[in-house]
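Q: give me a model of this one.
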Amino acid sequence: MSNLDNIYSTPQQTVKDFVFDETVVDVFPDMIQRSVPGYQTIISTIGHLAQNFAQTNSHIYDLGCSLGAATLAMRRSIQAQGCQIYAVDTSAAMVERCQMHLSNFKSQIKTDVICADAVDFEIKNASVVVLNFTLQFISPDKRIELINKIYQGLNPGGILVLSEKLRFDTPAIQNTLDELHLDFKRAHGYSELEIAQKRTAIENVMLTDTLEIHFERFKQAGFSQFSQWYQCFNFTSMLAIK
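A: Residues are numbered from 1 along each chain as shown. A predicted model of the protein is given here:
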């Protein structure tokens, strides 16, 4: 089986809503690298931030862990003793493959991969929480609830890393950054048909927010220290420290 993302390369009579099923799991690394500018920078920086912020005998959470890229980066980097990582995803196919990936890398850090909804998962004694392109797939009316829960479950000095695709209120900015992103996908070999069909598949599933909305949620939850640390086109990563 090919591991190249060609899910949308042939015309589909009806383009179904995007789901993280077996088909997507098989091509996910290729899909991410060709769709999200700066993904590898974000992953390696999550590892570095985890090294800096992980506290002794605390919990680390990767919510929406997919195949475990952020979890692996954190496991390689964390030096604090007694940490435990919880890698959580709603997709059974992702969780199964994530467990296989993690088993290929030995680590002293205990890691549980769990099939569950991040909104319902208990967060406690946390020093690092990662939402890496996860919040945008969660129902908008549950997002503040999740950020609130993360804030409550974080230890003082703990960090939340939130990566998201952004939308913009200014049409000229939105159109310009959209076009830059489309050019990025074209440069990585996606055809116009693939781009169009993927957009149709994902438009009802991935509901993006503005940067201002994200910052307002941080404030509402209780964070007073937060910032963007990365942006490329319409993709960003932010951090908030309790």
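Q: give me the contacts around the longest helix along the chain.
A: If you go by DSSP state H, the chain has its longest helix at helix 171-187. Helix 171-187 has contacts (Cβ atoms under 8 Å, 6 or more residues apart in numbering) with 34, 35, 37, 167, 168, 192, 195, 233, 234, 235. Where you see a C-beta, it was placed from the backbone N, CA and C, and this is true even at glycine.
Q: for ChimeraX, what selects the buried ones among those?
A: With 16 or more other Cβ atoms under 10 Å as the criterion, this ChimeraX line picks the buried residues out of those:
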select :34,35,37,167,168,195,233,234,235
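Q: and the contacts of helix 171-187, which is closest to residue 60?
A: residue 235 (23.3 Å; Cβ to Cβ).
Q: that closest one reaches residue 36, doesn't it?
A: Yes - Residue 235 lies in contact with residue 36 (Cβ atoms under 8 Å); the separation is 5.8 Å.
Q: list just the nearest of the contacts of helix 171-187 to residue 144.
A: residue 167 (17.4 Å).
Q: next, the contact list for the residue lying closest to the closest one once chain neighbours are set aside, please.
A: Closest residue in space to residue 167, ignoring its immediate chain neighbours: residue 208 at 4.3 Å, by Cβ to Cβ, 6 or more residues apart in numbering. Taking Cβ under 8 Å, 6+ apart, we find residue 208 in contact with 136, 164, 165, 166, 167.
Q: can you tell me the SS state at the third one?
A: Spelled out, that is residue 165. Under DSSP: H, G, I helix; E, B strand; the rest coil, residue 165 falls in the strand class.
Q: look up how far residue 39 lies from it.
A: 12 Å (Cβ to Cβ, to the nearest Å).
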